[in-house]
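fold the following.
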Amino acid sequence: MRIVELTKETKNNILSDLLKRSPSQMQKFQTSVDEIIEDVVNNGDEALVRLTEKFDGVKLDKNALKVSESEIKDAYASVSDELISTIKKAADNIKKYHNKQVRQSFITTENGITLGQRITPIEKVGVYVPGGRAPLSSSVLMNIIPAVVAGVEKIVMCTPPGPGGKVTPEILVAADIAGAHEIYKVGGAQAIAALAYGTDSIPKVYKIVGPGNIFVTLAKKTVFGLVGIDSVAGPSEILVLADETANPAYIAADLLSQAEHDPMASSILVTTDKDLANKVSDEVDKLKDRLSRSEIINQSLDNFGYILLASSFEDAIDAVNEIASEHLEIQTKNPFDTMTYIKNAGAIFIGENSCEPLGDYFAGPNHVLPTNGTAKFSSPLSVDEFIKKTSLISYSYEELKKAHEDIIRFAKAESLTAHANAIGVRFGKEVLDTD
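Down below sits the predicted model:
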């Protein structure tokens, strides 16, 4: 694995390379996405059936788009009792964590003024679950459980069918355990279009969440505004911040755990210790070709894998905050102290035993995290993504009277006379343009 001396120039070059992975840089696919969305809008279920055959190689009757109860029952029979137990344990941890995020409405009344905020769940949410390289049943839990905790009335899941028109059993089991209300065998940009616009089979939702390939991501970006979305997510990434006390074998294993996701995944170590850098590089090189997804791992490391050797702790911290990685592991002598210097990261894993897969599967915090530096202004998926806040305002006549001249003055300063008049008319004062 390559070792690069961390300088201002190399940091900027790496940041530039990482940004190239952003879906916003891949507009060459936009025309195809637009055509798919238009097809679904115009032709509904007929387009879904045709596009599913085209892209997934599966011919379905439009009446078979929805996953049946018997298919869910069959899925349970196909999954081991041990894995079902594990999924349930993970779901319980995720639910417990997200229950702590639940917000309460509030209302205050003082001297005839009532102000408040009402919290209500979004009524209908769509969850996209990819097929592709791996059955991400963990993502099913992470996307659906916060919606359930928030109180969403209808959770509609879409996922592409596999051979024989069947959905991966592990995904169906996870969806059932998590609490999905309806599941449809539709993938790609066409699934996003169906969720955003609705078809005879698939109901229109108000928000769409969940990861996907570039076509799914661009489709979500395209329908944003008509519906809400969680984010425009890029490929997965990990950054390990380590000092001379860290275990090189642990770091190498953790870097490789992200590299196996995608050829565009990013795995980076930042350290001030040259000896550690060399040992980690050697460990990665020894292990990478022995893993089942070695081809993907090698592409990822060749493209976006770095060991950055910083000259000082301050420079290391500065690089970590600039990169703003999706996953940040801190493996230093005093990791909790080091953590206080971190401003930007999607999730922080503190200490050598808190490796990234712990967060992916089991700990409880959500693994849907900001990527491509968006941790500088974005947060992990949470219960907040599935609620709406509505402001409440009520003034008595007496309190409005105290404030009415200030409001009229403010409105007139903005040349919004009708605004001013709406206040003035309540006190026998017409406010007109001629005033």
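
can you pull out the strands in the stretch 151-300 of the chain?
Counting by DSSP state E, counting those that start in this stretch, residue ranges of the strands within the stretch 151-300 of the chain are 154-158, 182-184, 207-209, 228-229, 237-242, 266-271.

is it possible to export those strands to CSV including distance to Ala147 and mean neighbour count?
No exception for glycine: its C-beta is placed from N, CA and C like everyone else's. Supplementary listing: the strands of the stretch 151-300 of the chain in CSV, determined by distance: least, CB to CB, whole Å; neighbours: other CB atoms under 10 Å:
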stretch, distance to Ala147, mean neighbour count
strand 154-158, 5, 24
strand 182-184, 13, 21
strand 207-209, 8, 24
strand 228-229, 12, 21
strand 237-242, 25, 27
strand 266-271, 29, 27
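
now those in CSV, with mean pLDDT and distance to Ser396?
Conversion of the strands of the stretch 151-300 of the chain to CSV gives the following (pLDDT from 0 to 100; distance: least, CB to CB, whole Å):
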stretch, mean pLDDT, distance to Ser396
strand 154-158, 98, 39
strand 182-184, 97, 47
strand 207-209, 98, 37
strand 228-229, 96, 36
strand 237-242, 96, 54
strand 266-271, 95, 58
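
and the closest residue to Gly44 other than its chain neighbours, how far is that from Gly179?
Nearest non-adjacent residue to Gly44, counting by CB to CB, 6 or more residues apart in numbering: Thr199, 3.9 Å away. For Thr199, the distance to Gly179 equals 23 Å [CB to CB, to the nearest Å].

out of these two, which sits in the busier spot?
In terms of neighbours (other CB atoms under 10 Å), Thr199 is the more surrounded of Thr199 and Gly179; the figures are 23 against 16.

ok, now which ones touch Ile155?
Ile155 makes contact with Val125, Val127, Ile144, Ala147, Val148, Gly179, Ala180, His181, Glu182, according to CB atoms under 8 Å, 6 or more residues apart in numbering.

and if we set it to 7 Å?
Taking CB atoms under 7 Å, 6 or more residues apart in numbering, we find Ile155 in contact with Val125, Val127, Ile144, Ala147, Val148, Gly179, Ala180, His181.

that one pairs with what?
In this structure, Ile155 has beta-bridge partners Val125, where bridges are defined by DSSP bridges.

so how far is Lys401 from it?
Applying CB to CB, the value for Ile155 to Lys401 is 48 Å.

before we move on, what about Ile72?
Distance of Ile72 to Lys401, computed by CB to CB: 62 Å.

neighbour-wise, which of these two wins?
The neighbour comparison of Ile72 against Lys401 (other CB under 10 Å) goes to Ile72, with 17 against 12.

pull the longest helix from this protein.
Secondary structure of the chain per DSSP state H: the longest helix is helix 30-56.

so which elements touch the next helix or strand after that one?
For helix 30-56, the following helix or strand on the C-terminal side (DSSP states H and E) is helix 69-78. Using 3 or more CB pairs under 7 Å, 6 or more residues apart in numbering; DSSP states H and E as the contact definition, the elements that helix 69-78 packs against are helix 169-178.

tell me the angle the helix it packs on makes with strand 154-158.
For helix 169-178 and strand 154-158, the angle between their directions (axes from the mean of the first three to the mean of the last three CA atoms, to 10 degrees) works out to 170 degrees.

how long is stretch 364-371 from one end to the other?
Counting by CA to CA, to the nearest Å, you get 19 Å between the two ends of stretch 364-371.

hmm, who's touching it?
Contacts with stretch 364-371, where a contact means CB under 7 Å, 6+ apart, come from 93-94, 96-97, 138, 142-143, 146, 230-231, 233-235, 237, 326-327, 346-347, 359-360, 378-382.

centre of the chain versus it, how much separation?
Relative to its parent chain, stretch 364-371 has a centroid offset of 6 Å by CA atoms, centre = their mean, to the nearest Å.

what's the average pLDDT for that stretch?
The average pLDDT for stretch 364-371 rounds to 94.

same question for stretch 295-305.
For stretch 295-305, mean pLDDT is 91.

got the buried residues for that stretch?
Going by neighbour count (16 or more other CB atoms under 10 Å), the buried part of stretch 295-305 is Ile296, Ile297, Asn298, Gln299, Ser300, Leu301, Asn303, Phe304, Gly305.
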